[in-house]
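Peer 1: got a predicted model here, sequence first, then my questions.
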Amino acid sequence: MAVSVDFLVLGGGVAGLSYALRAARAGTVAVLTKRARHESNTNYAQGGIAAVLSPLDSPELHVQDTLTAGAGLCNRSVVDVTVRDGPQRVKELVTLGAEFARRPNGEFELTREGGHSERRVVHAGDITGREVERALLAAADEQKNITIRPDASAIDLILDRRAPVNGNARCLGAYVLLEDGRIETYLGKVTVLATGGAGKVYLCTTNPDVATGDGVAMAYRAGARIANMEFYQFHPTCLYHPEAKSFLLSEALRGEGGKLRLRTGQPFMSRYHPQAELAPRDIVARAIDAELKRTGDECVFLDMTHLGRAFVTNRFPNIYATCKAFGVDMAVQPIPVVPAAHYMCGGVVADQDGRTSVRGLYAIGEVSCTGLHGANRLASNSLLEGLVFGPRAAAATIEEAASVKPLEQEPPEWNPGAAVDSDESVVVTHNWDEIRRLMWNYVGIVRTDKRLMRARRRLELLREEIRDYYWRFKVTRDVIELRNIADVAALIVECASRRKESRGLHYTLDYPNRDDHNWSQDTVVSRAP
Ligand SMILES: Cc1cc2nc3c(=O)[nH]c(=O)nc-3n(C[C@H](O)[C@H](O)[C@H](O)COP(=O)(O)OP(=O)(O)OC[C@H]3O[C@@H](n4cnc5c(N)ncnc54)[C@H](O)[C@@H]3O)c2cc1C
């Protein structure tokens, strides 16, 4: 028997929980999370949330900074809405109990990050995301209409193929793998994808293990329009240490005066951009990549030593302690750093209310592509995006759900066919490694047509092998994730191959210049459902 709710939410980060809190006013909500309920990109966000909260700042400036970062591909009205709604959403988060850094006079202590022309980033030291996730989960626990189900991995969306409207079948919910291996059918009057990003597609990433692009892959397989996957943001500074699994060193370190240096101690950023360390992320990441290729070094260094021990330990307690645990005392030693895959600017095409091209399916937060980020995300605009689009989608889905008729017949249960337990799990680990490495080497920070072609050929073979494995053996979370990173990798390669110019986060040696005449448009892909 299926689990039926009014609003089915896949994902419990800032977007999914912000949505759930609003939707719960009108009906029952199930929030599914793949692993522990707090495990999400949100939980690891360090820097903060961008919003206009200072009298020295203005919405026009925030809009302008966002458009500049987006390199001509932002949707102006989406940017306007986000900037306009942002301050109120941040204040509501405070009402829910989130605690952000304050000045002695009680005002928010705002920090400044790369690409921002003013101080406008609200933060909770360097654990902003953890505080946001904590406050949202606590608020959700207070709502009897919300059920949070951890260790529940959506495998695929369920479409009502019996009653398509103009060929567009309605999304009814999802098949979900539970921790005991059972596969449950979850149904919702609407289904909301809030599954976050896909950093795990790349070998080096700042993202936690849950970030395997499941939402994009599921939506693509269901026939939704996907856009701009070539714009993957690489964070310039991830701790370089053999045992540190993707520990990010926040942009705020550079915002507070951190200097990037080569092994020799020489600074280099001013050779790449007039804003030096505060240049947009893609420029900093590319500059580091170029210096690493030029020098043959394995990392560069982020130097905070001139700021003094008292400042760095107070302002960055979590970063300080983590670096220290890996043997780097940032008060006296420059920190070894490399770039890493960080944020997915593309995703499932969604309008200002999260509506996708599949009926009954919404997408919010990092999984979505609304036009807020365009070809590059402005730092700290993504927690903001979740806060703003969660409630917007809730309002739209409450209205839609009111007119959804009850199903006359439940969709069929998951059919395992002739699948048996796998006896060659090595296929999964091997292909997992191969995809992430080929994406890193051929579809990373700097691309060429030849590298993309190599990646495409290898991915075709790998996807065929994975498809075969998927149908022959019982599904496990590892197989679901492998199938998804393979699909997302192919989408990134497809979008990157189509764009014959360099813009924002997409940089190719074959077409090194921006071409506004031919390419000022999104790269949209979809397949027949
Ligand atoms: C290290 C780090 C630092 C960052 N710092 C900042 C910052 O300072 N400011 C900022 O604005 N942004 C920052 N970001 C980006 C920001 O954190 C994310 O873009 C944002 O949190 C995404 O929120 P979300 O709700 O869309 O997804 P997430 O928070 O990633 O949540 C995704 C949810 O979906 C669930 N899920 C995934 N797949 C499935 C499935 N198949 N079935 C069921 N559930 C599933 C996961 O379990 C999780 O609950 C940072 C990101 C990282 C990784």
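Peer 2: Here it is on my side, so go on.
Peer 1: quick one: low-confidence parts of the stretch 51-200 of the chain?
Peer 2: For the stretch 51-200 of the chain, not a single residue meets the criterion pLDDT under 70.
Peer 1: can you give me the strands for it?
Peer 2: With strands called from DSSP state E, counting those that start in this stretch, the stretch 51-200 of the chain shows them at 110-111, 121-122, 146-149, 152-165, 168-178, 183-193.
Peer 1: quick check: which of the ones you listed is nearest to the ligand?
Peer 2: Closest approach to the ligand among those (Cβ to the nearest ligand atom): strand 152-165, 3.6 Å. Heads up, the C-betas are built off the backbone N, CA and C, glycines and all.
Peer 1: which other helices and strands contact that closest one?
Peer 2: Other elements packing on strand 152-165 under the criterion 3 or more Cβ pairs under 8 Å, 6 or more residues apart in numbering; DSSP states H and E are strand 29-32, strand 168-178, strand 183-193, helix 214-221, helix 477-498.
Peer 1: the last one close to the ligand?
Peer 2: No: residues of helix 477-498 contacting the ligand under Cβ under 6 Å from any ligand atom: none, with a closest distance of 6.8 Å.
Peer 1: contacts only, for the residue in the stretch 401-529 of the chain that the ligand sits nearest to.
Peer 2: Using Cβ to the nearest ligand atom, the closest approach of the stretch 401-529 of the chain to the ligand is made by Ile480 at 6.8 Å. For Ile480, the contacting residues are 153, 155, 177, 214, by Cβ atoms under 8 Å, 6 or more residues apart in numbering.
Peer 1: what about 10 Å?
Peer 2: Contacts here follow Cβ atoms under 10 Å, 6 or more residues apart in numbering; on that basis Ile480 touches 34, 153-156, 177, 212, 214, 217-218, 470.
Peer 1: do the same with Leu372
Peer 2: Taking Cβ under 10 Å, 6+ apart, we find Leu372 in contact with 66, 70, 74-75, 78-79, 81-83, 345, 352, 378, 381-382, 384-385, 388-389.
Peer 1: what's the answer for Ile445, then?
Peer 2: Residues near Ile445 by Cβ under 10 Å, 6+ apart: 202, 232, 234, 236, 282, 285-286, 288-290, 292-293, 339, 341, 505, 507.
Peer 1: check Val216 too.
Peer 2: 193, 195-198, 201, 224, 226, 229, 344, 346-348, 363, 366-369, 484, 487-488, 491-492.
Peer 1: can you say which of those residues are buried?
Peer 2: Neighbour counting with 16 or more other Cβ atoms under 10 Å marks 193, 195-198, 201, 224, 226, 229, 344, 346-348, 363, 366-369, 484, 487-488, 491-492 as buried within those.
Peer 1: so Val427 lies in a helix, does it not?
Peer 2: Yes: the assignment for Val427 is a helix, going by DSSP: H, G, I helix; E, B strand; the rest coil.
Peer 1: hang on, isn't it packed against Arg483?
Peer 2: No: using Cβ atoms under 10 Å, Val427 is not in contact with Arg483, being 11.8 Å away.
Peer 1: which residues are common contacts for these two?
Peer 2: Both Val427 and Arg483 are contacted by 466, 469, under the criterion Cβ under 10 Å, 6+ apart.
Peer 1: who has more neighbours out of those two?
Peer 2: Using other Cβ atoms under 10 Å, the more surrounded residue of Val427 and Arg483 is Arg483, with 24 against 16.
Peer 1: from what I can see that one touches Glu464, true?
Peer 2: No: under the criterion of Cβ under 10 Å, Arg483 is not in contact with Glu464, lying 11.7 Å apart.
Peer 1: pLDDT value on the residue in the stretch 251-400 of the chain that the ligand sits nearest to, please?
Peer 2: Here the stretch 251-400 of the chain gets closest to the ligand at one residue, Gly365, 2.3 Å apart by Cβ to the nearest ligand atom. Predicted confidence (pLDDT) at Gly365: the value is 98.
Peer 1: that one contacts Gly390, doesn't it?
Peer 2: Yes: between Gly365 and Gly390 there is a contact at 7.4 Å, judged by Cβ under 10 Å.
Peer 1: out of those two, which sits in the busier spot?
Peer 2: Taking neighbours as other Cβ under 10 Å, Gly365 and Gly390 compare with Gly365 leading, 36 against 28.
Peer 1: could you find the closest non-adjacent residue to the more buried one?
Peer 2: Spatial nearest neighbour of Gly365, excluding adjacent residues (Cβ to Cβ, 6 or more residues apart in numbering): Ala15 at 2.7 Å.
Peer 1: list the contacts for that neighbour?
Peer 2: Contacts of Ala15 (Cβ under 10 Å, 6+ apart): 9, 40-42, 192-196, 354, 363-368, 382-383, 385-390, 393.
Peer 1: what does Glu230 give?
Peer 2: With the criterion set at Cβ under 10 Å, 6+ apart, Glu230 makes contact with 345-346, 375, 443, 447, 452, 491-499, 503-508, 523.
Peer 1: the residue in the stretch 1-150 of the chain that the ligand sits nearest to: how many residues sit nearby?
Peer 2: In the stretch 1-150 of the chain, no residue comes nearer to the ligand than Gly13, which is 2.0 Å away by Cβ to the nearest ligand atom. Gly13 sits with 34 neighbouring residues when counted by other Cβ under 10 Å.
Peer 1: pull out the buried residues from the helix or strand encompassing the residue nearest to Gly365.
Peer 2: Element membership for Ala15, per DSSP states H and E: helix 14-23. For helix 14-23, the neighbour count (16+ other Cβ under 10 Å) marks 14-23 as buried.
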